[in-house]
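Novice: return atomic coordinates for the entry below.
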Amino acid sequence: MRQISPLSRRSFTTTSAPQPVRVLLSKSTDPYLNLAIEDWLFHHGQYDKQTLYLWRNEPTVVIGRNQNPWKECDVKALERDSIHLVRRSSGGGAVYHDLGNSCFSFFSDKSSYDKNKNSLIICDALRHFNITASPNTRNDILVNDRKISGSAYRLSGKRCLHHGTLLISTHLHNLQKYLYVGNPYIKSAGVASVRSPVQNLSHYAPMLTHDLLMNAITKEFFHHYGHRCGVELLDEEEMKKIPQLSEAYENLRKWGWRFGETPSFEHKLQYTFLWGTVSIHLHSEEGRFKKVEASSEPPEVLEGLSSLLEGKAYDRHGLSEAMEMMEDRGSTVTQRRREVEEWLVREM
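Specialist: From the prediction side, this is the model:
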């Protein structure tokens, strides 16, 4: 592979004629940058070419465009363990990424878009390692009824994107640690994930690595389209110099995109402390407290909290800020409020 400038449109091939295929490989493991590159390729890529983009991320939870992070993953655990949370621009469910998980993105125009062909390219690449895989009706790729790859899609005008993940040697216990099956107390307008039994490809081919699999996918991509090209190695610093890409990168990192784009939802909570019962019904829009119905016995514990929470970020920081603004009612009530705050932080 030869490293070329991401701004260059040359193809390194055996002939001087333009090639109808393009392959890009990211050298970065920054999830915000890799997804920004994908967004840039979707909007500004060469759609006269079948394009394959290969990448992987450091530990990250990626949620779908219309998902609720508080319902899909343990947001507090992500913050505690310095795991990234990224909202992508396509649909689909929540997934966990780490360096043992590889990602692929196929770009094409609408007239040549074929997600079944894309899945076949992945399955044929796995045959290089004596792994027999096949897609199911949802276009997940399975080996022995275990999911090793999931996909999501984005279509806009004539532009089409099919992207997915491949579990090579990911830390599977982190899927259970960071991803929820679903919080029954949250009623959300967002799209819920569908959980499936999964397995690493290294279970079937212990010597398999990211580089080996990316090479095999590239070979099958060339084979299926009957053309070859040079592989563009994307340098992190060079990519950030592209204005549209840099803008997408900064937007993906913003709280307003990661949390503020959350569809409206409600969260009902109740708990009985030694001193009394607390009931709270939280309504959230755009990642903020919209309306709060709170009651407690004795009533002075939560008196005034509802109005103080409205408009604040739906997280522990917004909650703490509102609790600190409550009127002082003495040491006993203050202690009880601390207990309520600790409970809410655990449950939210």
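
Novice: so residue 218 touches residue 231, yeah?
Specialist: Yes: counting by Cβ atoms under 8 Å, residue 218 sits close enough to residue 231 to count as a contact (6.4 Å). All C-beta atoms are positioned from the backbone trio N, CA, C, and that covers glycine.

Novice: what is in contact with these two at once?
Specialist: With contacts taken as Cβ atoms under 8 Å, 6 or more residues apart in numbering, residue 218 and residue 231 have residue 23 as neighbours in common.

Novice: list the contacts of the closest residue to residue 129 other than its chain neighbours.
Specialist: Taking Cβ to Cβ, 6 or more residues apart in numbering as the measure, residue 129 lies nearest to residue 205, with 4.1 Å between them; neighbours along the chain are not counted. Applying Cβ under 8 Å, 6+ apart to residue 205 gives the contacts 129-131.

Novice: residue 133 versus residue 205, what's the distance?
Specialist: The gap separating residue 205 from residue 133 is 11 Å, by Cβ to Cβ, to the nearest Å.

Novice: ok, now residue 98?
Specialist: Here the criterion is Cβ to Cβ. By it, residue 98 lies 21 Å from residue 133.

Novice: quick one, helices of the stretch 201-348 of the chain?
Specialist: Under the criterion DSSP state H, counting those that start in this stretch, the stretch 201-348 of the chain carries helices at the ranges 210-225, 236-239, 243-253, 255-258, 305-309, 316-324, 331-347.

Novice: which among those is found nearest to residue 94?
Specialist: Closest to residue 94 of the helices of the stretch 201-348 of the chain is helix 255-258 (Cβ to Cβ; 12.6 Å).

Novice: what comes into contact with that closest one?
Specialist: Applying Cβ under 8 Å, 6+ apart, the external contacts of helix 255-258 come out as 69, 85-87, 251-252, 287, 313.

Novice: out of the residues you listed, which end up buried?
Specialist: For the contacts of helix 255-258, burial is judged from neighbour counts taken by 16 or more other Cβ atoms under 10 Å, and it is met by 69, 85-87, 252, 287, 313.

Novice: quick one: low-confidence residue ranges for the stretch 1-150 of the chain.
Specialist: Low-confidence regions of the stretch 1-150 of the chain, defined here as pLDDT under 70, cover residues 1-18.

Novice: break down it into its strands, ranges please.
Specialist: Using DSSP state E, counting those that start in this stretch, the strands assigned to the stretch 1-150 of the chain run over residues 21-26, 50-55, 60-63, 84-87, 95-97, 101-109, 134-135, 141-143, 146-149.

Novice: export those strands as TSV, with columns for distance to residue 180.
Specialist: Formatted as TSV, the entries for the strands of the stretch 1-150 of the chain read as follows, by distance: least, Cβ to Cβ, whole Å:
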stretch	distance to residue 180
strand 21-26	29
strand 50-55	26
strand 60-63	10
strand 84-87	13
strand 95-97	12
strand 101-109	19
strand 134-135	26
strand 141-143	23
strand 146-149	17
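
Novice: ok, the residue most central in space within the chain to residue 32 distance?
Specialist: The structure's the chain has its C-alpha centroid closest to residue 62; by Cα atoms, centre = their mean the separation is 1.1 Å. Remark: distance between residue 62 and residue 32 (Cβ to Cβ) = 11 Å.
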